[in-house]
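S.K.: my questions are about this predicted structure, shown below with the sequence.
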Amino acid sequence: MFSLERPISVEQVAKKSRFLATGIPIATELDAKEALATHSHVDANHNCFAWRIGQSYRFSDDGEPSGTAGKPILQAIDGQSLDKVIVIVTRWFGGVLLGTGGLIRAYGGAAAACLRAGDLVEVVPTVEGTIRIGFSDLALLKARLAALGVNILQEAFLDTGAQITARFPAARADEVAELVADTTSGRSALVVKK
């Protein structure tokens, strides 16, 4: 699976209506809501969108006839096998009615053109895990986790040591668990969140 590396915008005109398609990489539904709030234009007639994160997705026609905007945008995302992305297509009405087929082509076409213009990056499935560790092993383990490319999200200090919350590629979970056990001589273990 792939996603956009960074936000991208493409503008198109169809029968005097202006369509601005903006594609943005996202990680959560909250990211999608924030992107929509940031990139919607209040002076436009419609701010239609679709997003996909794994099996979750949403779309909106924002006042356009049902099925003529949000679904074609989602189909553009799915047609290019993208994940963790939102596409917002803003329309400024130009005075000429496009009809159902014209709207579907305009919204889907603008979204597809936007996604094709963007740089893609591979989406690597990640997991989070926690490690409870004594103070004596903490510095060495953190150094070895960093060398392995593990992202430490949080570190909380306890009476006897620390609890680390980390994110890493799902395919490397066994390797990270082995590293924790070896570094601490079995005193600590990785617990992967389900």
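M.R.: Nice, I can see it.
S.K.: isn't residue 117 right up against residue 8?
M.R.: Yes - using C-beta atoms under 8 Å, residue 117 is in contact with residue 8, at 5.6 Å. All C-beta spots, glycine's among them, are computed from the backbone N, C-alpha and C.
S.K.: now residue 67: closest residue in space, sequence neighbours ignored.
M.R.: In space, residue 67 comes closest to residue 61 once its chain neighbours are excluded; the distance is 7.1 Å by C-beta to C-beta, 6 or more residues apart in numbering.
S.K.: any idea how many residues pack against that neighbour?
M.R.: 20 (other C-beta atoms under 10 Å).
S.K.: which parts of the lowest-mean-pLDDT helix or strand in the chain are buried?
M.R.: The helix or strand of the chain with the lowest confidence, counting by mean pLDDT, DSSP states H and E, is strand 120-122 at a mean of 87. By 16 or more other C-beta atoms under 10 Å, the buried positions in strand 120-122 come out as residue 120.
S.K.: direction included, what does it pair against?
M.R.: strand 2-4 (antiparallel) (DSSP bridges).
S.K.: list of residues touching the strand it pairs with?
M.R.: 23-25, 80-85, 115, 118-123 (C-beta atoms under 8 Å, 6 or more residues apart in numbering).
S.K.: now do the buried residues in stretch 148-161.
M.R.: For stretch 148-161, by 16+ other C-beta under 10 Å, it's 150, 161.
S.K.: in the sheet, who's paired with the spatially closest residue to residue 126 that is not a sequence neighbour?
M.R.: Take residue 126 and drop its neighbours on the chain: the residue closest to it by C-beta to C-beta, 6+ apart is residue 167, 5.2 Å away. Per DSSP bridges, the residues bridged to residue 167 are residue 128, residue 151.
S.K.: could I get the contacting residues of residue 167?
M.R.: 126-128, 150-151, 153.
S.K.: do residue 16 as well
M.R.: Residue 16 neighbours (C-beta under 8 Å, 6+ apart): 94-96.
S.K.: what is the nearest of those residues to residue 104?
M.R.: residue 96 (15.9 Å; C-beta to C-beta).
S.K.: surely that closest one and residue 15 touch.
M.R.: Yes - with contact defined as C-beta under 8 Å, residue 96 counts as touching residue 15 (4.1 Å).
S.K.: which neighbouring elements make contact with the longest helix seen in the chain?
M.R.: If you go by DSSP state H, the chain has its longest helix at helix 99-117. When contacts are defined as 3 or more C-beta pairs under 8 Å, 6 or more residues apart in numbering; DSSP states H and E, helix 99-117 sits against strand 8-14, strand 17-25, helix 70-79, strand 85-92.
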